[in-house]
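Undergrad: Prediction below, plus the sequence it came from.
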Amino acid sequence: MTLNPALEPILQAYADFADTDWSQLPVDAARAMMNTPLAEEALAMKRVENLDLALPGRTLKARLYVPHGAPQTPALTLFFHGGGWVLCNLDTHDATCRELAEDSGCAILSIEYRLAPEARYPTAAEDCYDATCWARDHAADLGIDGTRLAVAGDSAGGNLAAAVSLMARDRGGPTLRHQLLIYPVTDANFSTPSYLANGDGGYFLSTSAMRWFWSHYLGETAPEAAPLARILHTTDLSGLPPATVITAQYDPLRDEGDAYAKHLAAAGVATDHHVADGMIHGFFGMTAAVPDARAWVRLGAQNLAKALA
C-alpha cells in the first residue's frame, strides 16, 4: 500500500528533522525538538491525576487517566512512552494515553522513567518494572483493580513493556494479563530490509537516529550484554502474557517488531500481530492529523479491554 496521504504534510513539516545529522546532535537540542507535544484538544477524562511514585532510591513522576464510564474499580494499563529511551515525557504522550483510556474503558498510568544518557541501561527497564510493582501494591490508593494489570508502550516504550513482561515472569510477578507493543524496538540490527528501505529519514525515523538512541541508552555496554534491550534475542519467550504487536509499513523498526511477534507466537504466547498499511513510525501519536491512525489505537485498546475484562 502507498503512504497514507494524510502523512505527506507531516513529513514535509519534519523535513529538517529527517535531514538531521544525529551523530552530531546534542541531547538537549534533540529534546528541544521533540519534547513539545502537538497542540490538540485533549479528550476529557473522568479523572487525571499527576503522581509521584516513591520507589527505592528515587521518585518517578506518573499520570493516571480514568475515562468516563469506567467502573468504580477499573483495570489498569501501565504505559511507557517512546522516544528512544532519551526523549519525550508524560506530556508528549498525553493524547495517546487519553485515547487508549477512552477506547479501552480502563485506567492508564503513564510512567516518566529516567532517561539516557543521564541514566543508562538498564535503568529505564528497572524503573518501569518497579513502577508496575508499585501500581500493584498501591491499587487501593489508585482506585484500581491490582489483579487486572497490563503494560503498553510505543517504540522504546514498547521495548520497555516487553522487558517488563519478561521481568515480571522471571521475578515472580506482578501477574500481567496483556502486553500492547506498538512498533517496538527489539534489536540493534540496522541492516534489516525495513531499515534499508525506510531508514534514510524520509519516513520520519532514520537509521542514524536509531544508532544515536542505542548509543545513548547502552553507553559502553555491548548490545549482546543488554538482554532487556535486545529482547528479540531472548531464548525463552514462553509463559509471557498475551500480546498485541502493531508495526508500521514504512518504519525502519517493522522487521524487528514483526520478528518478535512471530517469536512470541512460536513460543505459545497468544499474539495478535498487525502491520499498519501506509503508516510510519510514530503514527499512534498523530491521530489528530491522520484520522486512519485512530482505528489502530482502537484495535490496541479493544484488545486491552478484552484481556482485562
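TA: Sure, I can see it.

Undergrad: Checking the residue of the chain most remote from its centre next. Helix, strand or coil?
TA: In the chain, residue 72 marks the outermost C-alpha relative to the chain mean, sitting 26.9 Å out by C-alpha atoms, centre = their mean. With DSSP: H, G, I helix; E, B strand; the rest coil as the basis, residue 72 sits in coil.

Undergrad: Tally up the residues packed near the closest residue to it other than its chain neighbours, please.
TA: Computed as C-beta to C-beta, 6 or more residues apart in numbering, the closest residue to residue 72 that is not its neighbour in sequence is residue 143, at 7.8 Å. Glycine gets a C-beta too; all of them are placed from N, C-alpha and C. Burial of residue 143 is recorded as 16 neighbouring residues (other C-beta atoms under 10 Å).

Undergrad: I figured residue 143 was touching residue 75, is that so?
TA: No - using C-beta atoms under 8 Å, residue 143 is not in contact with residue 75, being 11.6 Å away.

Undergrad: what residues do these two have in common as contacts?
TA: Contact criterion C-beta atoms under 8 Å, 6 or more residues apart in numbering; residues shared by residue 143 and residue 75: residue 107.

Undergrad: Quick check: the residue nearest to residue 72 vs residue 66, distance?
TA: Distance check for residue 143 against residue 66: by C-beta to C-beta, to the nearest Å, it reads 7 Å.

Undergrad: what touches both of those two?
TA: Residues touching both residue 143 and residue 66 by C-beta under 8 Å, 6+ apart: 74, 107.

Undergrad: okay, now residue 152: neighbour count?
TA: Residue 152, neighbours per other C-beta under 10 Å, totals 28.

Undergrad: Ramachandran angles for the residue farthest from the centre of the chain?
TA: With angles defined as degrees, to the nearest 10, residue 72 sits at phi -60, psi -40.

Undergrad: Would you mind giving me the confidence score for it?
TA: As predicted, residue 72 sits at a pLDDT of 95.

Undergrad: low pLDDT regions in the chain?
TA: Where the chain drops to pLDDT under 70, the residues are 38-39.

Undergrad: Run through the strands of it in chain order.
TA: Secondary structure of the chain by DSSP state E: the strands cover 47-55, 58-66, 76-80, 107-112, 149-154, 178-182, 243-250, 271-280.

Undergrad: Let's have these in TSV, adding distance to residue 193.
TA: TSV is the format used below for the strands of the chain (distance: least, C-beta to C-beta, whole Å):
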stretch	distance to residue 193
strand 47-55	40
strand 58-66	37
strand 76-80	27
strand 107-112	33
strand 149-154	22
strand 178-182	20
strand 243-250	12
strand 271-280	13
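
Undergrad: between those, which one is nearest to residue 197?
TA: The closest of those to residue 197 is strand 243-250. By C-beta to C-beta, the value is 8.1 Å.

Undergrad: Against which helices or strands is the closest one packed?
TA: Under the contact criterion of 3 or more C-beta pairs under 8 Å, 6 or more residues apart in numbering; DSSP states H and E, strand 243-250 touches strand 178-182, helix 254-266, strand 271-280, helix 293-308.

Undergrad: Now do the same contact list for the closest residue to residue 193 other than its chain neighbours.
TA: Closest residue in space to residue 193, ignoring its immediate chain neighbours: residue 255 at 6.0 Å, by C-beta to C-beta, 6+ apart. Taking C-beta under 8 Å, 6+ apart, we find residue 255 in contact with 192-195.
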